[in-house]
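> Quick one, fold the following:
(one chain, ligands or ions: 1)
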Amino acid sequence: MGLKEEIKRRRTFAIVSHPDAGKTTLTEKLLLFGGAIHIAGAVKSNKIKKTATSDFMEIERQRGISVATSVMGFEYDDHKINILDTPGHQDFAEDTFRTLTAVDSVIVVVDAAKGVEAQTEKLMQVCRMRKTPVIVFVNKVDREGKEAFDLLDEIEEQLKIKVRPLSWPVGMGKRLKGVYNIFDKKFYYFAGEDKTTAEKPREFKDLHDPELDKALKEQAQKLREELELVEGVYPEFKINEYLNAEIAPVFFGSALYNFGVKELLESFIKIAPYPKPSFANERMVDPFEEKFSGFVFKIHANMDPNHRDRIAFVKVCSGKFQRNTNYQHVRLGRNLKFASPTAFMADKKSIVEEAYPGDIVGLHDTGNFKIGDTLTEGEAMNFKGLPSFSPEMFKYIENADPMKSKQLAKGIDQLMDEGVAQLFTLTMNNRKIIGCVGQLQFEVIEYRLLHEYNATCRYEPVTMFKACWIKPNDKVEWEDFKKRKYKSLAVDKHGRDVYLAESSYDLQMAQTKFKGLEFFFTSEF
Ligand code: G4P
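Sure, this is the predicted structure:
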């Protein structure tokens, strides 16, 4: 198979949801279809449960699992499918954001009873920003849930995207009869716990087929009315609108009972995009280009403190990646060769000889990589699209053991390269401030500094509202700003100027007063 065919058969995506909506269950069912696993329960949940906040061993154990489940590749119907897993816990949202930069599409799982939840809204913002095509799977229809129309309204409103149902549930919970697939006009019976997909779908000529009444009894008329309304209210599904991220097709089902999952998978491979061009600062990179290029979107540390090696996850953006071949590490300006690049299947890793755009390869790293690093066949370019988001919690980080300051500095440096949190160094006095999305990240840093770097840190409180990256359009104003706000100025780990606003009032004032400066909540603008 040539490069072109290999690219076109690839589908790289992430499943995102609020914790407990059913992401792990759905992932597992997809893997079962792909034959990547053979028994349910093989995929361990990657979520770090709330109870684990003070149980560091548990966090470590789960980090181990999350390496194994970071990328799950499988073959289905001549397609190579790569599912990128994202941590369910909101404290690791930054990691999820970065993973979203490496996918070509997303499946959003919504709980039919709970509707759209906070975490999903946040993740959707990133999809919108990147114009990532989205399919919505309304899960748990085997339980009593909200009315389908209400759910669609909620999705449209809260996820800020137009929707188009492609299947329709007949009943929910105890009254669930099945799901009508609007496009192939087939009705899929829900046979319940024991039989699940055993019954073949029934096909109907059209909605007026009397067989439909026989099959669904009094629910047939309701289905007709509802579908009529669907056709009246929602625009016709146009694949281009989905690919342009203007409309999200919606499917209904129950991941637990493996119901509606096969239909989802089959529609997904038909409509979801194959790898698209990526953007480097210098130019657009087409996946069909002969020469290999890729970028690091995730780094995972080895959990064994005796081996401080890590795995850098590289998304292949163009050309063919080959084992034992020299590639240029653009930031270091050095050639590197990889003897044992790994590919990830459901629960195992294996060494790969080659990989194509859309694939993720794991590279053993002894400290050469940072998140965002680009590999090429020699061209000096840098992929963009891995922004840092303004964190929401800040603390000073101090050395608690004067004998170990070197270890601490190294530890902080490496953990930040991994993207565990963000580091801001105050310009005024070089004090270091860690910025996180959630409390758990602070705890992970403290624990890992101690166990992996033998360094002890101490946190001190700091009042801070947001970190804003600054674009100084007016040099005079910028100098003035620096003088007045010198106490609140810092640099991020790439040396970019950051304003650490103490309160939303301070930020507003700064924005009003300094019109020649632009303030951004992400590091890429
Ligand atoms: P997550 O990864 O999004 O956090 O969710 P996960 O798949 O772990 O599912 C959360 C809970 O919801 C699990 O129950 C799971 O069995 C259940 N679930 C998932 N899909 C469905 C569905 O379609 N219908 C119903 N009724 N339940 C579903 P749990 O009790 O928390 O865990 P477990 O002990 O069953 O594993």
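
> contacts and neighbour counts: CA atoms only from here.
OK.

> Show the contacting residues for the nearest residue to D286 once chain neighbours are set aside.
Leaving aside its chain neighbours, D286 sits nearest to P277 (4.4 Å; criterion: CA to CA, 6 or more residues apart in numbering). By CA atoms under 8 Å, 6 or more residues apart in numbering, the contact set of P277 is 284-287, 317.

> again, only using 10 Å
By CA atoms under 10 Å, 6 or more residues apart in numbering, the contact list for P277 reads 104, 284-289, 317-318, 357.

> Which PyMOL command selects the buried ones in those?
Filtering these down to the buried ones (16 or more other CA atoms under 10 Å) takes a single PyMOL command:
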select buried, resi 104+285+286+287+288+289+317+318+357
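
> How many residues are close by K370?
21 (other CA atoms under 10 Å).

> Contact partners for it?
K370 neighbours (CA under 10 Å, 6+ apart): 295-299, 312, 331, 414-419.

> Next: R323.
Residues near R323 by CA under 10 Å, 6+ apart: 337-342, 351-355.

> Also S105?
So S105 contacts 11-15, 127, 131-135, 243, 245, 268, 272-275 (CA under 10 Å, 6+ apart).

> repeat that for 6 Å
Under the criterion of CA atoms under 6 Å, 6 or more residues apart in numbering, the contact partners of S105 comprise 13, 132-134.

> try V296
313-314, 371-373.

> quick one: which of those residues is nearest P387?
G372 (9.1 Å; CA to CA).

> Run a quick neighbour tally on that closest one.
24.

> same thing with E203?
Neighbour count for E203, taken as other CA under 10 Å: 16.

> Of the contacts of S105, which belong to strands?
Among these, the members falling in strands are 13, 134 (criterion: DSSP state E).

> how about the spatially closest residue to M393 that is not a sequence neighbour, phi and psi?
The shortest distance from M393 to any non-neighbouring residue, by CA to CA, 6+ apart, is to C436 (5.2 Å). When read as degrees, to the nearest 10, the backbone of C436 gives phi -130, psi 170.

> Could you pull up the residues touching C436?
The neighbourhood of C436, defined by CA under 6 Å, 6+ apart, consists of 391, 393, 421.

> got a pLDDT number for it?
pLDDT recorded at C436 is 90.

> Up against the ligand, what does the stretch 1-150 of the chain have?
Residues of the stretch 1-150 of the chain lying close to the ligand (CA under 6 Å from any ligand atom) are 17, 19-25, 45, 139-140, 142-143.

> at 5 Å instead, please
Residues of the stretch 1-150 of the chain lying near the ligand by CA under 5 Å from any ligand atom: 19-25, 140.

> how about the strands in the stretch 251-400 of the chain?
Under the criterion DSSP state E, counting those that start in this stretch, the stretch 251-400 of the chain carries strands at the ranges 278-279, 284-285, 293-301, 310-318, 321-322, 326-329, 334-337, 342-344, 349-351, 354-355, 360-365, 374-376, 393-399.

> Each with direction, which strands does the fifth one pair with?
What it means is strand 321-322. Neighbouring strands of strand 321-322 in its sheet, by DSSP bridges, are strand 354-355 (antiparallel).

> same thing with the second one?
Partners of strand 284-285 in the sheet, by DSSP bridges, are strand 278-279 (antiparallel).

> now the strands of the stretch 251-400 of the chain in JSON lines, with mean pLDDT and distance to the ligand?
Shown next, in JSON lines, are the strands of the stretch 251-400 of the chain (pLDDT from 0 to 100; distance: least, CA to the nearest ligand atom, whole Å):
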{"stretch": "strand 278-279", "mean pLDDT": "92", "distance to the ligand": "29"}
{"stretch": "strand 284-285", "mean pLDDT": "96", "distance to the ligand": "34"}
{"stretch": "strand 293-301", "mean pLDDT": "90", "distance to the ligand": "20"}
{"stretch": "strand 310-318", "mean pLDDT": "93", "distance to the ligand": "22"}
{"stretch": "strand 321-322", "mean pLDDT": "97", "distance to the ligand": "32"}
{"stretch": "strand 326-329", "mean pLDDT": "97", "distance to the ligand": "35"}
{"stretch": "strand 334-337", "mean pLDDT": "96", "distance to the ligand": "36"}
{"stretch": "strand 342-344", "mean pLDDT": "83", "distance to the ligand": "19"}
{"stretch": "strand 349-351", "mean pLDDT": "81", "distance to the ligand": "22"}
{"stretch": "strand 354-355", "mean pLDDT": "94", "distance to the ligand": "28"}
{"stretch": "strand 360-365", "mean pLDDT": "92", "distance to the ligand": "22"}
{"stretch": "strand 374-376", "mean pLDDT": "97", "distance to the ligand": "31"}
{"stretch": "strand 393-399", "mean pLDDT": "95", "distance to the ligand": "24"}
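
> could those go into CSV alongside distance to L426?
Shown next, in CSV, are those (distance: least, CA to CA, whole Å):
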stretch, distance to L426
strand 278-279, 32
strand 284-285, 35
strand 293-301, 26
strand 310-318, 29
strand 321-322, 41
strand 326-329, 30
strand 334-337, 32
strand 342-344, 39
strand 349-351, 42
strand 354-355, 42
strand 360-365, 30
strand 374-376, 28
strand 393-399, 10
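
> how is the protein carved up into domains?
What automatic domain parsing lists as the domains of the chain is 3-271, 278-376, 393-520.

> quick one: the shortest one to chain centroid distance?
In this case it means domain 278-376. Chain-centre distance of domain 278-376: 18 Å, with CA atoms, centre = their mean, to the nearest Å.

> Give me the local confidence score for I59.
Model confidence at I59, given as pLDDT, is 60.

> Which residue lies closest in space to Y76, excluding its sequence neighbours?
Counting by CA to CA, 6+ apart, the residue nearest Y76 is G34, at 5.2 Å.

> For that neighbour, give me its contacts.
Contacts of G34 by CA under 6 Å, 6+ apart are 74-76.

> And the domains of the chain, which one averages the lowest pLDDT?
Lowest mean pLDDT within those: domain 3-271, a mean of 83.

> Now do the end-to-end distance for that one.
Across domain 3-271, the terminal residues are separated by 20 Å (CA to CA, to the nearest Å).

> Kindly report the same for stretch 316-323.
Across its full length, stretch 316-323 reaches 13 Å between end residues, using CA to CA.
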